[in-house]
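Participant: mind folding the following:
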Amino acid sequence: FFLGKQCEKLLTGACIYMQRLETLLRELRYERGFASVHDVSYVEFLDRVRDGELKLRAAGQWDVPHPWLNLFLPRSRVLDFAAGVFHGILRRGTTGAMGPVLVYPMNRNRWDGDMSAVFPEEEEVFYTVGILRSAVSDGDLARLVKQNDEILRFCEEAGIRCVQYLSYYADQAGWEKKHFGPAKWARFVERKRKYDPKAILSRGQRIFTSPLA
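Facilitator: Purely as a prediction, here's the structure:
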């Protein structure tokens, strides 16, 4: 009886999900014949990155530089970002380097406020945008890095308060001002002094010296 009830709940939930998905798809404007849908098991979904790795290896694009750019964007500025980046910078600066572009929304209330993760604070929904390309030819790397910088510069000039995920800054000042911000930075430093005062962990990000100054 218990298992039957559980199965019934799962089926009901799946039906509701499909109904919502159909509603969302009806609102999209795209060529129906070009829709790509892949049904996989839960385990296959969890292991999807491994599948991507195998495809890159088969194409000879695994052991090459990957100047990826990952951003968190406030929901209200996603269309501005798309107009300036997808329809502007990326179109003008086509280099032949290919890779997937991921765009999906996230709910801020699903994140624990005590985590060190940084994301747009002002809105409940924010978007993750991942531009994941491989620098295959000799000239690709410099061009793609320059293009990533252009995207970040566009966001700054357009007033799009994005947060770079897997970011890189050359010194502590960059991390403090451009990534964490005053409120997050103070708490981050406090926890670092408490749990890792000798700055043994994560030295490669150049956030702290060893020991802490």
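Participant: give the contact list for the closest residue to residue 171 other than its chain neighbours.
Facilitator: Closest residue in space to residue 171, ignoring its immediate chain neighbours: residue 206 at 6.2 Å, by CB to CB, 6 or more residues apart in numbering. Yep, even glycine has a C-beta here, placed from its N, CA and C like the rest. Remark: with contacts taken as CB atoms under 8 Å, 6 or more residues apart in numbering, residue 206 is in contact with 169-172, 175.
Participant: just those now: which is nearest residue 153?
Facilitator: residue 169 (15.0 Å; CB to CB).
Participant: how about the helix or strand hosting residue 51: buried residues?
Facilitator: Using DSSP states H and E, residue 51 maps to helix 48-58. Under the neighbour-count criterion of 16 or more other CB atoms under 10 Å, helix 48-58 has residue 56 buried.
Participant: so what secondary structure elements neighbour the helix or strand just after that helix?
Facilitator: The first helix or strand that comes after helix 48-58 along the chain, using DSSP H and E, is strand 69-74. Contacting strand 69-74 under the criterion 3 or more CB pairs under 8 Å, 6 or more residues apart in numbering; DSSP states H and E are the following elements: strand 125-131, helix 140-157, strand 163-165.
Participant: identify whichever of these lies nearest to residue 20.
Facilitator: strand 125-131 (15.8 Å).
Participant: partner strands of that closest one, with direction?
Facilitator: Applying DSSP bridges, strand 125-131 is found paired with strand 69-74 (antiparallel), strand 101-107 (antiparallel).
Participant: out of the ones you listed, deepest packed?
Facilitator: Of all these, strand 69-74 carries the top mean neighbour count, a mean of 21, counting by mean count of other CB atoms under 10 Å.
Participant: which one is residue 164 nearest to, not counting chain neighbours?
Facilitator: Leaving aside its chain neighbours, residue 164 sits nearest to residue 71 (5.8 Å; criterion: CB to CB, 6+ apart).
Participant: same check, this time on residue 117
Facilitator: Residue 117's closest residue in space is residue 111 (CB to CB, 6+ apart), at 6.3 Å.
Participant: re the thing from before, for the strands paired with strand 125-131, which one sits closest to residue 161?
Facilitator: Per CB to CB, nearest to residue 161 of the strands paired with strand 125-131: strand 69-74, 6.2 Å.
Participant: let me know the average pLDDT across the closest one.
Facilitator: Here strand 69-74 scores 93 as its mean pLDDT.
Participant: what's the first helix or strand after it?
Facilitator: Immediately after strand 69-74, counting by DSSP H and E, sits helix 78-81.
Participant: how about that following helix: buried residues?
Facilitator: 78, 80-81.
Participant: so which elements touch that helix?
Facilitator: Going by 3+ CB pairs under 8 Å, 6+ apart, helix 78-81 lies up against no helix or strand.
Participant: what sits up against it?
Facilitator: 73, 103, 127, 129, 155, 158, 160, 162.
Participant: and this structure, what are its domains?
Facilitator: According to the TED database, the chain comprises the domains 65-167, 170-212.
Participant: JSON lines for those domains, including distance to residue 18?
Facilitator: Listed next are the domains of the chain as JSON lines, based on distance: least, CB to CB, whole Å:
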{"stretch": "domain 65-167", "distance to residue 18": "18"}
{"stretch": "domain 170-212", "distance to residue 18": "39"}
